[in-house]
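Enquirer: sequence first, then the predicted structure:
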Amino acid sequence: MLNIVILAAGLGKRMQSDLPKVLHPIAGKPMLAHVLDNARRLNPDRIVIVVGHGAERVQQAFASNADLSFVVQSPQLGTGHAVQQAVPLLKQGGGQQDTTLVLYGDVPLVQASSLAGLIEARDGGMAILTERLDDPTGYGRIVRDSNGQVLRIVEHKDASDAERAINEVNTGILAAPTANLIDWLKRIDNNNAQGEYYLTDVVGLAVADSVPVRAAHAGASWETLGVNSRVQQAQLERIWQAEEARRLLEQGVTLADPSRFDLRGTLQCGRDVFIDVGCVFEGDVVLGDGVRVGPHCVISQAKIDAGAVIEAFSHVHDATVGAQAKVGPYARLRPGAEVGDEAHVGNFVEIKKSKLGRQSKANHLSYIGDALVGERVNIGAGTITCNYDGVNKFQTVIEDDAFIGSDTQLVAPVTVGRGATLGAGTTLTKDAPEGQLTLSRGVQKTISGWTRPTKKP
């Protein structure tokens, strides 16, 4: 049986925020969500989250996660006391293979591979995840005997000068036999400088009970970094983004500047994809072969097919872009937008819940909402589908090969027939027949002798 206990009760005073610390984001999702993602990769039998400050908000944020159990730590009397609260929920099969893994909601980047290695290192005893730091100030030190065996962990405030000179530190993450851990938690005390029940004291108890304590290391030093301030949050954000960028580069993606790239979800790329500087990807995004994304674009929940180009400063949200299509610069595709193969969406064009057919073009300053646009349609500058009457929305249909003149208003529901032409400045309130020119304009007049008004003295 594998139990995972995640400590998430801290206030996070240094964050200077009303938001519980574990809900602050890294790469677009709460720190606690990162921990859970990697915990689940270990296929645990139970996940228990210990909450405290902001408990209701934390539980609400993960209310849809049926595999989670929550316990409240109140008051907060230390890490050992926090794990004690989870004991009634721990599963046991009765053997020494029963394991409880303790993680922290504010240590978001530890990877499942490192945790699997920690559990393997336990090998019938206890295993702790340690790190060697050039400056170990503030961390608990790993005290070993002359043979290099782990004896105990001493917190910085309780350490002697000799112990403070040790640079191997405790990350707080440990894997222990469940039955032993429950027993050790009953035996720890708060006789220390903080007056708290330290989880780290179970190491000394394990040694006293002749249970071997082994140390393991994470695959990368950044995995064990915690967040206690906005500064540390920002540092971990850039570390993680650098890792995401490295993975994409290794897959063959070209990033104009890996340090100016943000992924806040998942990004699947084909071959020979190019991403310029300052782009943000959110949710699940798929870029096909040869896609080029210009600078400072925001792309979320989108699929962009092979050879398409997204020009600078464009926003694509919950939309699809066909092969060889071109979008932008300064275009906005809103939810439900479908841009067909080889279609063009130009500068300051907004499309919402509409389909733009193959080789159709809307190149300038237009709004297309709730519309079905066929193939090879040309939509002139300043065209608007008037889809909303203040209460209900209606659809506009523009059939294949239609030509929509500039500054046209299409008052839905209305249909423009195949091959029809709408003259510039038309306000269309009735269907336009196919193959015909339709226009609506007032009579042009010139007023002879008219003069501009002047200011009164």
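Expert: Everything's here; your move.
Enquirer: could you use CA atoms for every contact and neighbour count after this?
Expert: OK.
Enquirer: is A371 in contact with K393, as I believe?
Expert: No: counting by C-alpha atoms under 8 Å, A371 stays clear of K393, with 10.6 Å between them.
Enquirer: with neighbour numbers in mind, choose between these two.
Expert: A371 (25 against 13; other C-alpha atoms under 10 Å).
Enquirer: residue ranges for the helices of the protein, please.
Expert: Secondary structure of the chain by DSSP state H: the helices cover 31-40, 55-61, 79-86, 112-122, 161-164, 178-187, 201-208, 230-250.
Enquirer: can you add mean neighbour count and mean pLDDT and give those back as a markdown table?
Expert: As requested, those are exported to a markdown table (neighbours: other C-alpha atoms under 10 Å; pLDDT from 0 to 100):
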| stretch | mean neighbour count | mean pLDDT |
| --- | --- | --- |
| helix 31-40 | 20 | 98 |
| helix 55-61 | 16 | 96 |
| helix 79-86 | 22 | 96 |
| helix 112-122 | 19 | 96 |
| helix 161-164 | 14 | 93 |
| helix 178-187 | 18 | 96 |
| helix 201-208 | 20 | 92 |
| helix 230-250 | 16 | 97 |
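Enquirer: quick one: closest of the ones you listed to G148.
Expert: Shortest distance between G148 and the helices of the chain, using C-alpha to C-alpha, is found for helix 201-208: 13.1 Å.
Enquirer: pLDDT averaged over stretch 126-141, what's the number?
Expert: Confidence over stretch 126-141 (mean pLDDT, whole number) is 91.
Enquirer: now do the lowest-mean-pLDDT helix or strand in the chain against helix 201-208, angle only.
Expert: Lowest by mean pLDDT, DSSP states H and E among the helices and strands of the chain is strand 150-154, with a mean of 89. Using axes from the mean of the first three to the mean of the last three C-alpha atoms, to 10 degrees, the direction of strand 150-154 lies 160 degrees away from that of helix 201-208.
Enquirer: got the CA positions of strand 150-154 in PDB?
Expert: Output of strand 150-154 as PDB, limited to C-alpha atoms (Å, rounded to 0.1, in the frame of the first residue of the first chain):
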ATOM      1  CA  VAL A 150      22.400   8.800   8.700                       C
ATOM      2  CA  LEU A 151      21.900   9.400  12.500                       C
ATOM      3  CA  ARG A 152      19.400  12.300  12.700                       C
ATOM      4  CA  ILE A 153      18.300  15.600  11.300                       C
ATOM      5  CA  VAL A 154      18.900  18.700  13.300                       C
END
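Enquirer: partners of it in the sheet?
Expert: Paired with strand 150-154 in the same sheet, following DSSP bridges, are strand 141-144 (antiparallel).
Enquirer: for the strand it pairs with, what is the distance to the chain centroid?
Expert: The chain centre lies 37 Å from the centre of strand 141-144; the measure is C-alpha atoms, centre = their mean, to the nearest Å.
Enquirer: so what touches the least confident helix or strand of the chain?
Expert: Strand 150-154 is contacted from outside by 140-145, 163, 170, 200-201, 203-204, 207, 213-215, using C-alpha atoms under 8 Å, 6 or more residues apart in numbering.
Enquirer: the residue lying closest to L199 once chain neighbours are set aside: what's it in contact with?
Expert: Spatial nearest neighbour of L199, excluding adjacent residues (C-alpha to C-alpha, 6 or more residues apart in numbering): G80 at 3.8 Å. Neighbouring residues of G80 by C-alpha under 8 Å, 6+ apart: L185, I188, Y197, Y198, L199, T200.
Enquirer: show me the protein divided up by domain.
Expert: According to automatic domain parsing, the chain comprises the domains 2-224, 230-438.
Enquirer: and the longest one, how far apart are its ends?
Expert: By that I understand domain 2-224. 21 Å (C-alpha to C-alpha, to the nearest Å).
Enquirer: repeat that for stretch 307-327.
Expert: So stretch 307-327: terminal residues 12 Å apart, C-alpha to C-alpha.
Enquirer: and for stretch 188-206?
Expert: End-to-end for stretch 188-206, by C-alpha to C-alpha: 11 Å.
Enquirer: and stretch 173-193, by the same measure?
Expert: Stretch 173-193 has its terminal residues 22 Å apart, counting by C-alpha to C-alpha.
Enquirer: quick one: residues in contact with that stretch.
Expert: The contact list for stretch 173-193, computed with C-alpha under 8 Å, 6+ apart, reads 80-81, 83-84, 87, 90, 92, 96-104, 118-119, 122, 124-129, 157-158, 196-199, 201-202, 205-206.
Enquirer: which stretch in the domains of the chain is the model least sure about?
Expert: domain 2-224 (a mean of 94).
Enquirer: ok now it, how far from the chain's centre?
Expert: Using C-alpha atoms, centre = their mean, the offset of domain 2-224 from its chain centre is 24 Å.
Enquirer: likewise for stretch 394-402?
Expert: For stretch 394-402, the distance to the chain centre is 37 Å (C-alpha atoms, centre = their mean).
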